[in-house]
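Let's see this in three dimensions:
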Amino acid sequence: MRCIFARPGGLELDLVLRAVGVQAEAAGRQSLEEPDDRGTRRCEGSWLGRGGSELDLTIEIDGRKAVVYPFEQSASGGEDEYTSEFRVAVDVLPSDGRVTLITSWPRAGLAKGGVTLTLATLDGLEDRVVQLPKED
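Residues are numbered from 1 along each chain as shown. Model prediction:
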């Protein structure tokens with residue numbers, strides 16, 4: 001987890017996945033294109049949450065699964081290292097400030113695991129967000 005941004009309509013989360021060794025090789029094989037001349041492999045298109053051999057991310061808010069909208073992603077890796085950075089959004093705010101992230105990617109060696117984060121109070125969020133003027 002790099003950071004979480006709260007906005008009146010929901011949350012945006014910046015996430016980073018890193019793997020080394022045999023898990024890096026498996027993650028790259030599952031999600032990246034063939035290596036270029038330098039041995040670097042890159043991801044084309046979104047693979048987050050498609051099920052099957054891809055990373056599965058579930059976000060729970062107020063005891064319910066939230067719909068996760070992936071909208072930015074990059075991934076790269078070689079034989080011994082794999083990194084994926086992605087931004088996702090959910091269109092709900094937690095009433096109790098708690099957000100649970102659950103991930104798994106069995107084919108890349110990532111067992112199911114999770115963490116619950118407690119955010120600072122979101123009361124009055126609408127009044128604390130500075131709206132930028134729209135461009136004409």
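
Next, the contact list for the spatially most central residue of the chain, please.
Nearest to the geometric centre of the chain sits residue 15, at 4.3 Å (C-alpha atoms, centre = their mean). By C-beta atoms under 8 Å, 6 or more residues apart in numbering, residue 15 lies in contact with 1-2, 57, 85-88, 101. Placement of C-beta: from N, CA and C, glycine included.

Likewise for residue 20?
80-82.

Among those residues, which one is most surrounded by other residues?
Most neighbours among these, by other C-beta atoms under 10 Å: residue 82, with 26 neighbours.

my read: it touches residue 18, true?
Yes: with contacts counted by C-beta atoms under 8 Å, residue 82 reaches residue 18, the gap being 6.9 Å.

follow-up on the earlier one: the residue nearest to the centre of the chain pairs with what?
residue 86 (DSSP bridges).

re earlier: now, which of the contacts of residue 20 lie within strands?
Those of the contacts of residue 20 mapping onto strands are 81-82, per DSSP state E.

Check what contacts stretch 117-131 and list those residues.
The contact list for stretch 117-131, computed with C-beta under 8 Å, 6+ apart, reads 1, 4, 6-8, 93-94, 97-101.

What is the neighbour count of residue 78?
Around residue 78 there are 15 residues (other C-beta under 10 Å).

same check, this time on the one 5 residues further on
For residue 83, the neighbour count with other C-beta under 10 Å is 15.

isn't residue 60 right up against residue 90?
No: between residue 60 and residue 90 there is no contact under C-beta under 8 Å: 9.8 Å.

hmm, back to that, out of the contacts of residue 15, which two sit at the greatest distance?
Maximum pairwise distance among these (C-beta to C-beta): 15.2 Å, between 85 and 101.
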